[in-house]
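Participant: Have a look at this fold, sequence not included:
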């Protein structure tokens, strides 16, 4: 052993008091049964001088005890004085949430991550700043009479979203379909560096997290744990990348129903991993568990016949065994003979049959909610005080502690929810609608990162109450996040939606479409094109979804390298035509098909054809009173007229742009785009105007930190000045 590693090992051995076991983990150990081999192997790994394996994967079916085993691993690590972070993936829909939860656990074990926490604090400050400015902008628009057109568009959005009011202040400030309004607002409020960080903070915060982790791991071994890893879908690539960069003295423990799907991006990951499969317990082990758990209640020796009945009922699942003991002790429920092939389903049936009638609604409400506290229970049950019900639920072994309260074990929650939906669809819908209203009220008062979590819960319950309406709301939210380039929030939304139990194929296709959109924004082109083609050719996709997929596919096919392929132009144009034919009712998304057609005709210098395509775009913008899109259409038209040498019509289009900018309040990013495009002014002999316009663009480019554009702007100034012999 090298001297440096020996010193680090010695320091680790003498810091056992720095990370203390939790009382809950110690209590669980009193009746935890089985898995001696897995616990022993974990002890060997964390106790080794050098980690023999850096990844430990615990996998197995639901309710076999994976989460409890991870808690025993945590107990072992704490007794060795090692910092441990344990997070359930269902509690961390975004990458930032996951890193934040890991960091919080490590901080409680006296292993803070200062750079990460500083960066996270800065991100939260930016969220608050944007939130404040967006609300101010939205209020200013509502108060200004000259903004009538924008106000009309805003009211249309509010009506469309009234069923699920999750629109945030950015959407309120923008109004209508104007995604550029959001981007211009952000450019006005944030520096370029802050803007990039705000749109997707994942990369920088991941780097900060790993940098801090390296510093800590150089002094102390660290254990990171992630439970229910199968729910990490949209985060799969990010998580795989983070794991590959973990410091050598960090042990990662993953638990889930299946193995991580990393083979395509990291073919050799299994060489660094050890797999532990958890299966159903033997009858002997279940009997031992039942007796140990019974002892906790101080009632002496249990009846042997009743123990045997519980063992047969549990069928190897520790959760079923402990729940049956609770029913036996609390409510004297006997007759635990299995009635079906599923132990969890039997457990749910016996639970609802065995508890007093006044408790059944509380159990059902808890199973409808993904997590619950006394307030949410009270809202669903329409009672003023649900604290006693919450306390009762807290004592049951199928509930587990979460950040914001308790949650029913996922297997139990699914079975109980499905049973309620089959037995009483109306009550199932009513409970989910009540949950949706509860989160809507919280969202109205929320600020910062809390809003993202509440929106996800609202969407989930909207979907459970009415799948078609909920998926429509998901689609609207996802589309706006795509258009605003809010990659971090989109990743969290898609990751959460991938856990939804969607019944309809069409609903699953909408979810898959936005998974592809996320891949496109994060540069995975091959998967994206194949996904769009599959969706467009699926009969279960509705007309708008097919049109969207074809629209995005056409934009890919209209890039210069694809147009240069044999038949490339025809393929791209035909795909656009199919998109427009699939859905006749244009929206902001489908209107971009006309820009794609313009790009295609521009490659042939077919200016009149390009002008015709932009006329369609302009007509759409006028029909929905979208001032931003009108300016964009006129800016593109001015470029076409300039390329065609039609100085008069170029001037007319430019004048419309300037008028539109004034009506929009001169958003700086859009104004910069208009003011720097002046070379047709030079060739039209309007040299002084061209120079003044370019100088305005130059000041805006400096303010907005558009370094690349500065070169072009300076060239425009030099051209105009040079033509004046200046």
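Facilitator: The structure has been received and is ready for your questions. What you are looking at is a predicted structure, and each value in this text was computed from that prediction instead of being measured.

Participant: what about the chain, any weak spots by pLDDT?
Facilitator: By pLDDT under 70, the low-scoring segments of the chain are 1-19, 137-183, 338-341, 448, 524-526.

Participant: That one: strands as residue ranges?
Facilitator: Counting by DSSP state E, one finds strands in the chain at the ranges 55-59, 84-88, 222-227, 250-256, 273-277, 399-402, 405-408.

Participant: The fifth one pairs with which strands, and in what direction?
Facilitator: With DSSP bridges as the test, strand 273-277 is paired with strand 55-59 (parallel).

Participant: One more: the second one?
Facilitator: Strand 84-88 has the following strand partners under DSSP bridges: strand 222-227 (parallel).

Participant: Please enumerate residues in contact with the strand it pairs with?
Facilitator: Outside strand 222-227, the residues within contact range by CB atoms under 8 Å, 6 or more residues apart in numbering are 46, 66-67, 70, 73-74, 77, 82-89, 98, 102, 106, 111, 213, 216, 232, 239, 246-247, 249-256. Placement of C-beta: from N, CA and C, glycine included.

Participant: ok, back up a step: what's the closest of the strands of the chain to residue 513?
Facilitator: Taking CB to CB, strand 250-256 is the member of those nearest to residue 513, at 25.6 Å.

Participant: what inclination does the closest one have with respect to strand 222-227?
Facilitator: With axes from the mean of the first three to the mean of the last three CA atoms, to 10 degrees applied, the angle from strand 250-256 to strand 222-227 works out at 10 degrees.

Participant: helices and strands around strand 250-256, which ones?
Facilitator: Contact here means 3 or more CB pairs under 8 Å, 6 or more residues apart in numbering; DSSP states H and E; on that basis strand 250-256 packs against helix 36-47, strand 55-59, helix 66-79, strand 222-227.

Participant: can we see that at 6 Å?
Facilitator: Using 3 or more CB pairs under 6 Å, 6 or more residues apart in numbering; DSSP states H and E, the elements in contact with strand 250-256 are strand 55-59, strand 222-227.

Participant: Give me the distance from it to the chain's centre.
Facilitator: Here the centre of mass of C-alpha atoms in strand 250-256, compared against the chain's by CA atoms, centre = their mean, to the nearest Å, lies 21 Å away.

Participant: Could you tell me how many residues sit around residue 685?
Facilitator: Residue 685: 11 surrounding residues under other CB atoms under 10 Å.

Participant: Please report the distance of it from residue 693.
Facilitator: For residue 685, the distance to residue 693 equals 14 Å [CB to CB, to the nearest Å].

Participant: Would you mind finding the most buried of the helices and strands packed on strand 250-256?
Facilitator: strand 222-227 (a mean of 24; mean count of other CB atoms under 10 Å).

Participant: So for residue 567, which of the strands of the chain sits nearest?
Facilitator: Nearest of these (CB to CB): strand 250-256, 45.5 Å.

Participant: quick one on the thing from earlier: need the helices and strands packed on strand 250-256 in JSON lines (columns: distance to residue 633).
Facilitator: Listed next are the helices and strands packed on strand 250-256 as JSON lines, based on distance: least, CB to CB, whole Å:
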{"stretch": "strand 55-59", "distance to residue 633": "53"}
{"stretch": "strand 222-227", "distance to residue 633": "48"}
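
Participant: Nearest to residue 118 among those would be which one?
Facilitator: Residue 118 lies closest, by CB to CB, to one member of the helices and strands packed on strand 250-256: strand 222-227, at 19.5 Å.

Participant: Check the offset of the closest one from the chain's centre.
Facilitator: 21 Å.

Participant: residues in contact with the residue nearest to the spatial centre of the chain?
Facilitator: In the chain, the centroid-proximal residue (CA atoms, centre = their mean) is residue 492; its distance is 0.5 Å. By CB atoms under 6 Å, 6 or more residues apart in numbering, the contact list for residue 492 reads 93-94.

Participant: Out of the helices and strands packed on strand 250-256, which is closest to residue 379?
Facilitator: strand 222-227 (27.8 Å).

Participant: one step back: out of the helices and strands packed on strand 250-256, the one nearest residue 302 is which?
Facilitator: Here strand 55-59 is closest among these (CB to CB), at 30.0 Å.

Participant: Run the angle between that closest one and helix 36-47 for me.
Facilitator: Strand 55-59 and helix 36-47 are oriented at 160 degrees to each other (the same axes, to 10 degrees).

Participant: can you pull the contacts of residue 636?
Facilitator: Contact analysis of residue 636 by CB under 6 Å, 6+ apart lists residue 614.

Participant: And it, how close does it get to residue 542?
Facilitator: From residue 636 across to residue 542, the span is 30 Å (CB to CB).

Participant: Could you give me the buried positions within the top helix by length along the chain?
Facilitator: Secondary structure of the chain per DSSP state H: the longest helix is helix 114-143. Residues of helix 114-143 classed as buried: 115-117, 119-120, 122-124, 126-127, 130-131, 133-134, 137-138, 141 (neighbour count, 16 or more other CB atoms under 10 Å).
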